[in-house]
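fold the following for me, if possible:
(chains A and B)
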Amino acid sequence: MSKSLANQVAVIGVGCTKFGENFDQSLQEMMVEAATGACKDAGVSLDDVKAAWLGTFSPGFSGGKATITLADALKFRGRPITRVENFCATGTDAFRNAAFAIAAGQYDIVMVVGAEKLRDRPVRGLQREGIHPYFEAGSTAPGIFALVANRYMHTFGMQRDTLAKVAVKNHANGALNPKAHFQMKITEEQVLKAPMIAYPFGLFDCCPTTDGAAAAILCRADLAKQFRKDFIVVRGIGLAVMSGKPYLDPTGDYLGFPSTEAAAREAYSAAGIAEPVKEVDFAEVHDCFTWTEVSNYEDLGFCKKGEGAKFIEEGRSSLQGDLPVNPSGGLKSFGHPVGATGVRMIYEIVTQLRGEAGARQVKGAKVGLAHNLGGPGAVACVVILGREA
Amino acid sequence: MNGIVGHAVRIPAHRIAREEIARAWQTSSLAGHKRAVRFDEDALTLAAAAALDCHSSLGGAEIDRLFFASTTAPYLERSNASLIAALCDLPEKCSTLDLAASLRGGTSGLRLVLTGLNSGSNATILCAGECREAEPGSAEEMLFSDGGAAIAAGTQNVIAELIADATAYDDFFDAVRRDRDVHVTSFASKFSIDRGYVAPIAKVVGDVLGQAGKNAKDIARLAVPSPDRRAHQQLAKKLGFSEAQLQDIQFDDGGITGTAMPLALLSAALGSARPGDLLLVAGYGNGADAMLFRATDSITSYKPHAPVGAQKAVALDYASYTQYRKAREFFRSADQGLEISNIFYTKEEPQIVRLHGSACRHCGTRQFPVAQVCVGCKKGDGLEEVALARTGTIYTFSEDTLYPSPFPPTVMAVVDLDGGGRIYCEVVDVPPSEVKIGMSVELTPRKLKEGGGLYHYYWKCTPRRGK
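Numbering: from 1, shown residues only, chains lettered A, B, ... in the order given. As a prediction, this is how the structure comes out:
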């Protein structure tokens, strides 16, 4: 019988840069700001940190071979640094691996950094890398999610105005968040009238391309009290990889993301969660496109398949709802620097659980869930964090 | 008996009104529309599509040879015919040959197939495709049209038998393109028509009729190309044929399609022929060829895979000359920079060119691309490489304006192939608003990208017409 990860690992500090068009910050500068912010928050020095995991998807011009970029930026030397890349779930997977190292007893204190500088690229949108030049040609990030959305809409009869409600909600939350890329409310009409990117996604159905970095300091749960009273513990983590080419899989129904279902099962099992909609107080989920959030409600078990539209329409995922989703503003409004996003979700959950989220605070939050989805639903990671019981 | 066993044409879905060309250059216009390729089509894809249609019509008959004729073959060094043979998934022992340089390549190829070879018992596909570039603003820019055609020859189920043939070469030039030229240099004049068109055709047609002991009035149909919209009518008159005998060149919705033209006209003549009809086809270009056929009783049972009427019914007009030029220039201005090695290509060719996938012995699941472990039952010891169907149904799709294209949105679809297997490809030759989940489609080879000294061909899909 495998050992559960639950309650062995604590998060004692988090840091996050402002997300957005950080034209005046290099990748290294963002890493330093997030990492030193997390150390300060935890009350540890960089010397106390014995290993680091760096999540970055596409380090780009200034990122080089990514581990040395972190080593050189922080002068974090003579210690292990591991780069993690797992599509858009890179950040949570980096966190997951750092948590394993703590749980294994290898280190007492480690650091996770997620960083991405997407705005210095020569292309619109997210650069597609490592795809097959023939049978994946023609794919873009919105295009491959639109394939699933269109099949879903065809099957369940959902309309674009339901999707618009997701964007309106997440922008309303982001408007309350000083670190969000976009801090502005939008209307359903604006969403529906925006230029089309890939039907059914208009501009406001898509998350932006963003620069940003986030970091977290993890330590053994039994040592956490030394650093702070209100530490946060890891209740469960799950990760699942499906096909990177779901559009070639004749066995798939293409109505959602089985990777999320599998990752959630593993995380819920570790955390002892049987009824997520009752036992999870809020969630930060991967709303790369508005429809993805609707599917996430279903794939994470917040509601049944086909009932995601009702979940948003009834306001259940709003800040005042019974299961607020993306109080930070989500990828949609907070932004999506790929490798940073998962760690930024951890930052938001820790901030909420500590009751430090200000105007966007979810009242009485005790258990929070982070959900990262990568590739065309190729990989999903779910992390469940809780206040120290 | 050696003769024609199948035929097909490929008409591009896009076209432009000649008056739009005239408007751009402030010249006087000719009537009608010319068919014009989209940026992902070329002489090879048009010929390959016709060859595939022809192959389908033959119901899987074995093909011993595939010949390709064109003056605008995309590759000058690398066998275009071999690439088309691979797209048709023909066996390795198939003989391939590229016929280049002369507009007469189509008829010379056909004559070679029918008379000059030691015929085996199986069939030959001769295909032709043409995308000639005229000097912008020239009369030829209005005359030239893009198109493809294929004729299959063999000894089984012959629909038209060869009665007589003749050829004559002539080192006379009326249209020329050197190795370093992009555009055709035209010497169009009354002299060129008399000396380079009428004279050689008159000679070979006379030879053929003489050999067969026939007169013009015995011929049901004369299929003869033309250098312009009228010259074939003057030629027919001079040779003693009536207008009713002359195969219409469809100038109002097409035009001069080079090597493919006589084969397309022959295909049309075969399409309307009755048993016993005599059909005379001629081709010209630095000389002339002529062949006389008699339709057999089997002519009535031949069913083309993609009927011409259904192809012509699809007419997507380029709204302006700018759109037309953009469609032709896209790859030149926006090379997508795909570089691959021949190692990669060699390994990938069975799946990306031949459209092979895997079928599982245990659970029956068909899958694309070729797999080592079955996606259905996850067993690794039951897969066999199989050819997948080129027809299917759209399971879902997206209309993508982010993907770089001269004509956004790019419609990408997940297609469930008939008999199993799922692929992801672009939907072309249909307005995006008409694409629906559940639509029947057919795969067609298209130019996907360029780069690294290569054109990269892959499959796209079009709505299945006329079914």
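
only C-alpha atoms for contact and neighbour calcs from this point on.
Fine.

what's around the one residue in chain A that gets nearest to chain B, how many residues?
Of all residues in chain A, the one sitting closest to chain B is residue A:198 (4.1 Å; C-alpha to the nearest C-alpha). Taking other C-alpha atoms under 10 Å in any protein chain shown as the criterion, the count of residues near residue A:198 is 27.

quick one: it is in a helix?
No: checked against DSSP: H, G, I helix; E, B strand; the rest coil, residue A:198 lies outside a helix; its state is strand.

hang on, isn't it packed against residue B:399?
Yes: because the distance of 5.2 Å satisfies C-alpha atoms under 8 Å, residue A:198 is recorded as touching residue B:399.

what about dumping the CA coordinates of the lowest-mean-pLDDT helix or strand in chain A to CSV?
Here the helix or strand of chain A ranked lowest by mean pLDDT, DSSP states H and E is helix A:60-63, holding a mean of 73. What follows is helix A:60-63 as a C-alpha-only set of coordinates in CSV (Å, rounded to 0.1, in the frame of the first residue of the first chain):
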residue,chain,number,x,y,z
GLY,A,60,12.7,31.8,-24.6
PHE,A,61,15.5,34.1,-25.5
SER,A,62,16.5,35.2,-22.0
GLY,A,63,15.7,31.8,-20.4
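
pull the residues that contact whatever helix or strand comes next after that helix.
Next along the chain after helix A:60-63, taking DSSP states H and E as the criterion, comes helix A:66-74. Identification of contacts with helix A:66-74 by C-alpha atoms under 8 Å, 6 or more residues apart in numbering or on different chains yields A:28-29, A:31-32, A:54, A:56, A:59, A:63, A:76-77, A:81-83.

now do stretch A:175-192
Stretch A:175-192 has contacts (C-alpha under 8 Å, 6+ apart) with A:17-21, A:160-161, A:164-165, A:167-168, A:171-172, A:174, A:202-205, A:210, A:328-329, A:333-335, A:359-360.

now, which of those lie within strands?
Under the assignment DSSP state E, the contacts of stretch A:175-192 contribute residue A:202 to strands.

among the contacts of stretch A:175-192, name the buried ones.
With neighbours counted by 16 or more other C-alpha atoms under 10 Å in any protein chain shown, these contain buried members at A:17-21, A:160, A:164-165, A:167-168, A:171-172, A:174, A:202-205, A:210, A:328-329, A:333-335, A:360.

check the residues you listed against chain B, which are close?
If you filter those for contact with chain B, counting by C-alpha under 8 Å from any C-alpha of the partner chain, you are left with nothing.

on that earlier part again, give me the common contacts of residue A:198 and residue B:399.
Common neighbours of residue A:198 and residue B:399 are listed as A:143, B:409 (criterion: C-alpha under 8 Å, 6+ apart).

so for residue A:351, what's the pLDDT?
Among the per-residue scores, residue A:351 shows a pLDDT of 98.

would you map out the domains in chain B?
Per the record, chain B has its domains at B:3-333, B:342-355+B:390-463, by automatic domain parsing.

JSON lines for the ones you listed, including mean pLDDT?
What follows is the domains of chain B, written out as JSON lines (pLDDT from 0 to 100):
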{"stretch": "domain B:3-333", "mean pLDDT": "94"}
{"stretch": "domain B:342-355+B:390-463", "mean pLDDT": "95"}
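
between those domains, which gets nearest to residue A:352?
For those, proximity to residue A:352 was assessed by C-alpha to C-alpha; domain B:342-355+B:390-463 is nearest, at 35.9 Å.

quick one: the strand or helix carrying residue B:393 to chain centroid distance?
Using DSSP H and E, residue B:393 maps to strand B:391-400. Shown here is strand B:391-400, whose average C-alpha point lies 25 Å from the average C-alpha point of the whole chain (C-alpha atoms, centre = their mean, to the nearest Å).

mind listing what it pairs with, with the direction of each?
Sheet pairing for strand B:391-400, assigned by DSSP bridges, gives strand A:196-199 (antiparallel), strand B:410-417 (antiparallel), strand B:440-451 (antiparallel).

just put those in JSON lines and tack on distance to residue B:58.
Putting the strands paired with strand B:391-400 into JSON lines (distance: least, C-alpha to C-alpha, whole Å) gives the following:
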{"stretch": "strand A:196-199", "distance to residue B:58": "40"}
{"stretch": "strand B:410-417", "distance to residue B:58": "21"}
{"stretch": "strand B:440-451", "distance to residue B:58": "17"}
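
tell me which of the ones you listed sits most buried.
For the strands paired with strand B:391-400, ranked by mean neighbour count under the definition mean count of other C-alpha atoms under 10 Å in any protein chain shown, the leader is strand B:410-417 at a mean of 26.

so which residues of chain A form helices?
A:27-42, A:60-63, A:66-74, A:90-103, A:141-156, A:160-174, A:188-193, A:258-271, A:276-279, A:290-299, A:308-313, A:330-334, A:338-353 (DSSP state H).

skipping adjacent residues, who's closest to the residue of the stretch 1-150 of chain B found nearest chain A in space?
When distances are taken as C-alpha to the nearest C-alpha, the stretch 1-150 of chain B approaches chain A most closely through residue B:40, which lies 12.8 Å from it. Of all residues not flanking residue B:40 in the chain, residue B:447 sits nearest, at 4.6 Å (C-alpha to C-alpha, 6 or more residues apart in numbering or on different chains).

so which residue is dead centre in the chain?
Picked chain A for this. Nearest to the geometric centre of chain A sits residue A:342, at 3.3 Å (C-alpha atoms, centre = their mean).

switch to chain B, that's the one I care about
In chain B, the residue lying closest to the centroid (C-alpha atoms, centre = their mean) is residue B:148, at 2.2 Å.

name all residues that make contact with that one.
With contacts taken as C-alpha under 8 Å, 6+ apart, residue B:148 has the following neighbours: B:9-11, B:43, B:46-47, B:49-50, B:127-130, B:257, B:260-261, B:264.

could you redo the last one with a cut-off of 6 Å?
With contacts defined as C-alpha atoms under 6 Å, 6 or more residues apart in numbering or on different chains, residue B:148 is in contact with B:9-10, B:46-47, B:128-129, B:260.

picking up where we left off before, need the contact list for the residue nearest to the centre of chain A.
If a contact means C-alpha under 6 Å, 6+ apart, then residue A:342 has A:91-92 as its contacts.

and the one 3 residues further on, by the same measure?
Residue A:345 makes contact with residue A:370 under the criterion C-alpha under 6 Å, 6+ apart.

picking that back up, what helix or strand does the residue of the stretch 1-150 of chain B closest to chain A sit in?
Taking DSSP H and E as the definition, one finds residue B:40 inside no helix or strand.

chain B contacts on the stretch 101-250 of chain A?
Proximity of the stretch 101-250 of chain A to chain B is assessed by C-alpha under 6 Å from any C-alpha of the partner chain, with A:143, A:146-147, A:151, A:197-199, A:247-248, A:250 identified as the residues in range.

pull the number of nearby residues for the closest residue to chain A within chain B.
Among the residues of chain B, residue B:400 lies nearest to chain A; the distance is 4.1 Å by C-alpha to the nearest C-alpha. For residue B:400, the neighbour count with other C-alpha under 10 Å is 27.

pretty sure it contacts residue B:412?
No: proximity of residue B:400 to residue B:412 does not meet the contact threshold set by C-alpha atoms under 6 Å, at 7.4 Å.
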